[in-house]
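Visitor: The amino acid sequence is not available; the structure is as follows:
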């Protein structure tokens, strides 16, 4: 075949018009194919997601592996490189305080390695794995986590002094969906932050976090870093800048950065609700000022701590105002935590041994450091075991073994007749054994529920038939489990 033959002939020949028409048709078809392919690449961004995951081009349509198995009463922590080893001694101690005060909560450590066990790639920005700002990655993860599972999302540098259970129960009783901290409610705040993203408490499937997740994905698109052209502080773009307008939709009375500082170019400029809209009564929220002088978890003027290069910078005579603020707050029932910024400063950030931060119990008053006192008041002392108890697939800190040992201790504390009941009744014994094997029932029970369950055991025994009562009732010459007469001839 010679492609130049027809080209040398006159174009007026009817014979030569047919190939030209075929070429036109072929060109139109090629355009249509290219157009369709372009539309497909725009509407289906899954290839770039799958390429970053190193998986098949077709992303799984199944829910994440852990979906449907995580209790709502869960505390979530995220650190991109993981927690083994711990990022620092400060993080290790902070997390230990949360474990210590929440034996009835599930605690999960998230990292880049296990995050997709809980979060589907489509619930995160397209190039989440290669995002350059770790804090933005964390904001995206926590938004998706709370949208789907609910619970508490906290930074790894927050010291916990009291359980979150009272706040959680209050939220449930009042049909509320969100609890968090919003600056400027009580005291002035000179930065561009609106909502504090280092602590959130939320019910699962909250409309607030569903919207928050969608806005983060929309804002990031296919980028790896928030554009500097984004209106407002790009560092806060996926945090307070994104959730502040959503909270304002629910409660228009909340203070905002642009309201307090209208000329500050770093304030959020996100679209907000129409002024004539009524508040969203389908969402009930609780917000407090983190700088509240009576119980706020953020202390003012901590610059001396954040710049400390040795442990002496944390001594009382070096931070008297901070000591005074903390002493005023610590007895308040609503003072439950304390947020440390910039990883506590250069000295704390460099420490790898918790013993370097915790001081011995017999340390003279004049030599005490404020950071050591904080952890002591949180329940930690030097020499105490700092294990994480994360044997449950590397994520659950307060694991089943620890909880089940408490069940056995509870059984030992029962009355003699109740112990006989547990030991001799085949029906109830199998129930207790089931708890020990599975751990699921006991794992999510509050202490009140555990006590109520123990009280129900004698009643359950009373409902057994006489034949069941008499079967294996005696242990030597012991009396019957119901405290009555001898049930057999000893």
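Guide: On my side now, so go ahead. Predicted model only: the values in this text are computed from it and were never measured.
Visitor: wait, residue 95 sits on residue 156?
Guide: Yes: if you go by Cβ atoms under 8 Å, residue 95 and residue 156 touch, sitting 6.4 Å apart. No exception for glycine: its C-beta is placed from N, CA and C like everyone else's.
Visitor: Which one's more surrounded, these two?
Guide: Between residue 95 and residue 156, counted using other Cβ atoms under 10 Å, the more crowded position is residue 95 (27 against 22).
Visitor: Checking that one next. Helix, strand or coil?
Guide: helix (DSSP: H, G, I helix; E, B strand; the rest coil).
Visitor: could you point out which element follows the helix or strand bottoming out on mean pLDDT in the chain?
Guide: Taking mean pLDDT, DSSP states H and E as the measure, helix 46-53 is the helix or strand of the chain with the lowest mean score, a mean of 38. Downstream of helix 46-53, the first helix or strand assigned by DSSP states H and E is strand 74-78.
Visitor: Which residues does that following strand contact?
Guide: Strand 74-78 has contacts (Cβ atoms under 8 Å, 6 or more residues apart in numbering) with 83, 95, 98, 102, 105-111, 115, 137-138, 141-142, 145-146, 149-156, 164.
Visitor: Paired strands for that strand, with orientation please.
Guide: Strand 74-78 pairs in its sheet with strand 106-110 (parallel), strand 151-154 (parallel), by DSSP bridges.
Visitor: Quick one: closest of the ones you listed to residue 211.
Guide: The closest of the strands paired with strand 74-78 to residue 211 is strand 151-154. By Cβ to Cβ, the value is 16.1 Å.
Visitor: Quickly run through the sheet partners of whichever helix or strand comes after the closest one, with directions.
Guide: The helix or strand immediately downstream of strand 151-154 is strand 158-160, counting by DSSP H and E. In the sheet, strand 158-160 lines up against strand 337-339 (antiparallel) (DSSP bridges).
Visitor: Next, count neighbours for residue 88.
Guide: Neighbours of residue 88 (other Cβ under 10 Å): 21.
Visitor: thought it was touching residue 348?
Guide: Yes: shown here, residue 88 and residue 348 form a contact pair, counting by Cβ under 8 Å, at 7.4 Å.
Visitor: Helices of the stretch 201-350 of the chain, start to end?
Guide: According to DSSP state H, counting those that start in this stretch, the stretch 201-350 of the chain carries its helices in the segments 207-220, 240-250, 257-260, 303-306, 320-329, 346-350.
Visitor: Report how many residues lie close to the residue lying closest to residue 267 once chain neighbours are set aside.
Guide: Leaving aside its sequence neighbours, residue 267 sits nearest to residue 257 (Cβ to Cβ, 6 or more residues apart in numbering; 3.6 Å). Other residues near residue 257 come to 26 when the count uses other Cβ under 10 Å.
Visitor: Repeat that for residue 317.
Guide: With other Cβ under 10 Å as criterion, residue 317 counts 8.
Visitor: Begin at 58 from now on, thanks
Guide: Right, with 58 as the first residue, what we last looked at is residue 374.
Visitor: Thanks a lot, catch you later.
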